[in-house]
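Enquirer: for reference, the sequence and a predicted model appear below.
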Amino acid sequence: MLHPDQAAEVQSDVIEWRRHLHRNPELLYDVHQTAGFVAEKLATFGCDLIETGIGKTGVVAIIKGSLGEGPVVGLRADLDALPILENSGKPWTSNFPGKSHSCGHDGHTAMLLGAARHLAETRRFRGAVAVIFQPAEEGGAGALAMVEDGLMEKFKIEQVYGMHNEPKLPIGHFAIRKGGILASADTFEILVQGRGSHAGQPHLSIDPVVAAAHVIVGLQTVVSRETDPLQAVVITVASIHGGDTHNVIPNAVRLTGTVRTLRSDLRDFGERRLKEVAQCIATAHGATASITYDRGYPVTFNHDRETDFAVAAATSIVGPAAVCAGADPRMAAEDFSYMLEARPGAFIIIGNGDTAGLHNPAYDFNDEAIPYGISYWVSLTETVLAA
């Protein structure tokens, strides 16, 4: 086991890597410089195999243990940044205005690199570790691209694990739960089509504004009156667009929003009822509703046995009081869910301390979390791949 105090001995190198990545953010699959930096570091660590271009621009390295044959376990970090103008005020602020690591993927990558270096030096495990550096988490489904590119089969990965930082969760703390820990994230667009008229002659119109307003109200009852209050479902209408002046009733109103759930059956239910409610209410007002519904990332679902491994690994380095093993789920989404659909595994949350929130221009990954992240990855590897 690598204790956080021991990991702190390499913290300065990992901080340097993290801040380099922070200064040089790249978006989606266009992470060529970031992937090159990662591959170069992995080569200096003496990894047994390094492959690039997995899922377009992903990087995978294999580190074999010294304790005999065993399974291959995947550890994943994300590479990409966000299209956000940073205002953290840090000396290592992004060199590219409009791009920034406002979700901490620079920290995730640096911590996994630190763990990879230690694992390659010590190799106190059986089987092998696949360290996975994935592009395009932020809306590009890079995890799915890597899975479809044969990630699991090519490297014979039997279990897969992920980690994400969380502001306000104290440094040195972890949170996890069995089952759904992060939500599915679907998007919709509803076009309510009516008939326009002069605003002073509403009787000549089929008013899509009124119809759309009733659709919005009706959608709220899907959650409040049709689903178990103990099961998380969110239907949010996030934008309304219709008309461009004060005295004309428009022909149409467009609504957009998101549906989020923690269970696949509720995801199916939410899609079906959204369409039914929108169409029926529009019809009741003499209008029509055309719905475009796009499924995004699925539920991030932690498997039981692998969650137990993750809890044991985190507990071994910070103690049980700092590991919340029955954490409340979050309604954010994460494309690591695709890897968890392909192989059993678990996704854990690591504390980032009292910082600005994720996707906030003022956010910066907290370097004090680095020893805990490195220690967790090493402890997890040695727990799962014990001799």
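Expert: Sure thing, it's come through. Numbers count the residues shown, from 1 in each chain.
Enquirer: sticking with residue 180, tell me its helix or strand.
Expert: strand 179-182 (DSSP states H and E).
Enquirer: which residues are contacting that strand?
Expert: 262-263, 299-302, 327, 329-334, 337, 347, 349 (C-beta atoms under 8 Å, 6 or more residues apart in numbering). In this view, the C-beta of every residue, glycine as well, is placed from N, C-alpha and C.
Enquirer: so which residue is dead centre in this structure?
Expert: residue 334 (2.4 Å; C-alpha atoms, centre = their mean).
Enquirer: picking up where we left off before, just the CA atoms of the strand holding residue 180, as CSV, please.
Expert: Presented in CSV, the C-alpha positions along strand 179-182 are these (Å, rounded to 0.1, in the frame of the first residue of the first chain):
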residue,chain,number,x,y,z
GLY,A,179,-25.9,1.1,-8.0
GLY,A,180,-26.6,4.4,-9.7
ILE,A,181,-24.2,7.1,-8.5
LEU,A,182,-24.6,9.5,-11.4
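Enquirer: ok so, going back, ok, the residue nearest to the centre of the chain to residue 377 distance?
Expert: According to C-beta to C-beta, to the nearest Å, residue 334 and residue 377 sit 18 Å apart.
Enquirer: quick one, phi psi at the residue lying closest to residue 242 once chain neighbours are set aside?
Expert: Excluding its sequence neighbours, the residue lying closest to residue 242 (C-beta to C-beta, 6 or more residues apart in numbering) is residue 253, at 3.2 Å. Main-chain dihedrals, residue 253, degrees, to the nearest 10: phi -130, psi 140.
Enquirer: same for the longest helix along the chain, what does it pack against?
Expert: Ranked by number of residues, the top helix in the chain under DSSP state H is helix 264-284. Using 3 or more C-beta pairs under 8 Å, 6 or more residues apart in numbering; DSSP states H and E, the elements in contact with helix 264-284 are strand 186-193, helix 208-226, strand 233-241, strand 252-261, strand 288-294.
Enquirer: report the angle between the third one and helix 208-226.
Expert: Using axes from the mean of the first three to the mean of the last three C-alpha atoms, to 10 degrees, the direction of strand 233-241 lies 170 degrees away from that of helix 208-226.
Enquirer: measure how strand 233-241 sits relative to strand 186-193, angle-wise.
Expert: Calculated by the same axes, to 10 degrees, strand 233-241 forms an angle of 40 degrees with strand 186-193.
Enquirer: angle of strand 233-241 against helix 264-284?
Expert: 40 degrees.
Enquirer: for strand 233-241, list the C-alpha coordinates in PDB.
Expert: Taking Å, rounded to 0.1, in the frame of the first residue of the first chain, the C-alpha atoms of strand 233-241 are listed here in PDB:
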ATOM      1  CA  VAL A 233     -36.300  11.600 -11.900                       C
ATOM      2  CA  VAL A 234     -35.700  15.100 -13.200                       C
ATOM      3  CA  ILE A 235     -37.500  16.800 -16.100                       C
ATOM      4  CA  THR A 236     -36.300  20.300 -16.600                       C
ATOM      5  CA  VAL A 237     -37.400  22.700 -19.400                       C
ATOM      6  CA  ALA A 238     -34.300  24.900 -19.600                       C
ATOM      7  CA  SER A 239     -35.100  27.200 -22.500                       C
ATOM      8  CA  ILE A 240     -38.100  28.800 -24.200                       C
ATOM      9  CA  HIS A 241     -37.900  30.500 -27.600                       C
END
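Enquirer: where does pLDDT dip in the stretch 101-250 of the chain?
Expert: Within the stretch 101-250 of the chain, not a single segment meets pLDDT under 70.
Enquirer: break the protein into its domains for me.
Expert: Per automatic domain parsing, the structural domains of the chain span 4-181+298-384, 186-294.
Enquirer: tell me the most buried of these?
Expert: Highest mean neighbour count of the domains of the chain: domain 4-181+298-384, a mean of 20 (counted as mean count of other C-beta atoms under 10 Å).
Enquirer: end-to-end on that one?
Expert: End-to-end distance for domain 4-181+298-384, by C-alpha to C-alpha, to the nearest Å: 19 Å.
Enquirer: re earlier: quick one, which of the helices and strands packed on helix 264-284 gets closest to residue 56.
Expert: Among the helices and strands packed on helix 264-284, the nearest to residue 56 by C-beta to C-beta is strand 288-294 (21.0 Å).
Enquirer: who's in contact with the closest one?
Expert: Contact with strand 288-294 is made by 186-193, 211, 215, 271, 274-275, 278-279, 281-283, as judged by C-beta under 8 Å, 6+ apart.
Enquirer: cutoff 6 Å now
Expert: Residues from elsewhere that reach strand 288-294 (C-beta atoms under 6 Å, 6 or more residues apart in numbering): 187-193, 271, 275, 278-279, 282.
Enquirer: ok, the helix or strand just after that strand: who's next to it in the sheet?
Expert: Later in the chain than strand 288-294, the nearest helix or strand by DSSP H and E is strand 300-302. Note on strand 300-302: by DSSP bridges, its sheet partners are strand 179-182 (antiparallel).
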